[in-house]
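Student: Sharing a model that was predicted from the sequence below.
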2 protein chains.
Amino acid sequence: MSEEQSGIFPRGEANPYGQYFVGQSYLNMLSTEQVTIGNVTFEPGCRNNWHIHHAEEGGGQILLVTAGRGWYQEWGEPARALAAGDVVNVPANVKHWHGAAKDSWFSHLAVEVPATGASNEWCEPVSDEEYGRL
Amino acid sequence: MSEEQSGIFPRGEANPYGQYFVGQSYLNMLSTEQVTIGNVTFEPGCRNNWHIHHAEEGGGQILLVTAGRGWYQEWGEPARALAAGDVVNVPANVKHWHGAAKDSWFSHLAVEVPATGASNEWCEPVSDEEYGRL
């Protein structure tokens, strides 16, 4: 079984938010009631732009890594290497990005933390230079 | 790799709620902030007692099956067979149980849906006769 096919949860279709990503990603919504949960799959080298989950109360995301290897980075902090079994509590109102390693597919569940006054702000891409240094 | 070891997320220690289960289970808390998420692993034949996630607003759980095969059943309904990749939205205030198949380990993430006025009510075990008919 290739790494591409090793995801537990169905990969779904091309990510409708693809304009905010470098490279190809896929999104499959697993829960759209109670708590919103999506399965996000990144091809090797794919990552989302720097972004912020704004919220007045609550908010942010929890990332549960289910396959492959990737990265999570908060603005001004070193990038954190991720592998299957890792969990990231992404706080509200913190600029960050996540995505695949150069040489690995990467899948995580994204659990949307319930919030009041929530909105997402998409910022600049993670440049090839920044990403290339990882 | 045996099925026992195939879980993505660490299995953790013996489940502190084991008194409400038939058979051996394990619990590893993956997130205790933002939204509470636990990884629950059941040995073959293990299941939790009938139980109810009471809530005034919100509440219930979302089960994300990560390994093995098992069952979910709501009171008065037929049991639903589960396998890796399946998702169950467990409503608040509905009596139900979940657990492993007779011949398979079973792991799911349990996402606690935020609630007001939440409490858990543990009821009778799923009898060997009921379980044996599955």
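Tutor: That came through fine.
Student: which residue packs closest to the spatially most central residue of chain A, ignoring adjacent ones?
Tutor: What sits nearest the mean C-alpha location of chain A, by Cα atoms, centre = their mean, is A:His98, with 4.6 Å. In this structure, A:His98 finds its nearest non-sequential neighbour in A:Tyr72, 4.6 Å apart by Cβ to Cβ, 6 or more residues apart in numbering or on different chains. For every residue, glycine as well, the C-beta is placed using N, CA and C.
Student: Contacts only, for the residue nearest to the centre of chain A.
Tutor: A:47-48, A:63, A:70-73, A:82, A:88, A:108 (Cβ atoms under 8 Å, 6 or more residues apart in numbering or on different chains).
Student: what's near enough to touch A:Met95?
Tutor: Just so we're on the same page, residue A:95 is Lys rather than Met. Counting by Cβ under 8 Å, 6+ apart, A:Lys95 touches A:50-52, A:74-75, A:123.
Student: ok, 7 Å please
Tutor: By Cβ atoms under 7 Å, 6 or more residues apart in numbering or on different chains, the contact set of A:Lys95 is A:50, A:52, A:74-75, A:123.
Student: for A:Leu134, same thing?
Tutor: So A:Leu134 contacts A:71, A:79 (Cβ under 7 Å, 6+ apart).
Student: Could you look up the SS state of it?
Tutor: What DSSP: H, G, I helix; E, B strand; the rest coil gives for A:Leu134 is coil.
Student: Return the per-residue confidence for it.
Tutor: Per-residue confidence (pLDDT) for A:Leu134: 95.
Student: Give me the distance between it and B:Trp105.
Tutor: 36 Å (Cβ to Cβ, to the nearest Å).
Student: before we move on, what about A:Ala84?
Tutor: From A:Ala84 to B:Trp105 the distance is 17 Å (Cβ to Cβ).
Student: out of these two, which sits in the more crowded spot?
Tutor: Using other Cβ atoms under 10 Å in any protein chain shown, the more surrounded residue of A:Ala84 and B:Trp105 is B:Trp105, with 22 against 19.
Student: pretty sure A:Ala84 is touching B:Ile8, no?
Tutor: Yes - using Cβ atoms under 7 Å, A:Ala84 makes contact with B:Ile8 at a distance of 5.0 Å.
Student: Mind giving me the packing neighbours of the host helix or strand of A:Gln73?
Tutor: Assigned by DSSP states H and E, A:Gln73 falls within strand A:61-74. Here strand A:61-74 is seen to pack against strand A:80-83, strand A:87-90, strand A:96-100, strand A:106-112 when contacts are counted using 3 or more Cβ pairs under 7 Å, 6 or more residues apart in numbering or on different chains; DSSP states H and E.
Student: how far out from the middle of the chain is that strand?
Tutor: Centroid separation for strand A:61-74 versus its chain: 6 Å, with Cα atoms, centre = their mean, to the nearest Å.
Student: How about exporting it as CSV, limited to the C-alpha atoms?
Tutor: Listed next in CSV are the C-alpha coordinates belonging to strand A:61-74 (Å, rounded to 0.1, in the frame of the first residue of the first chain):
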residue,chain,number,x,y,z
GLN,A,61,-8.4,23.8,15.7
ILE,A,62,-7.1,20.5,16.9
LEU,A,63,-5.0,18.6,14.4
LEU,A,64,-4.9,14.8,14.8
VAL,A,65,-2.3,13.3,12.4
THR,A,66,-3.4,10.0,10.9
ALA,A,67,-0.8,9.3,8.2
GLY,A,68,2.5,10.5,6.7
ARG,A,69,4.8,13.2,7.9
GLY,A,70,4.5,17.0,7.9
TRP,A,71,5.0,20.3,9.7
TYR,A,72,3.2,22.8,11.9
GLN,A,73,4.6,26.2,12.6
GLU,A,74,3.5,29.3,14.5
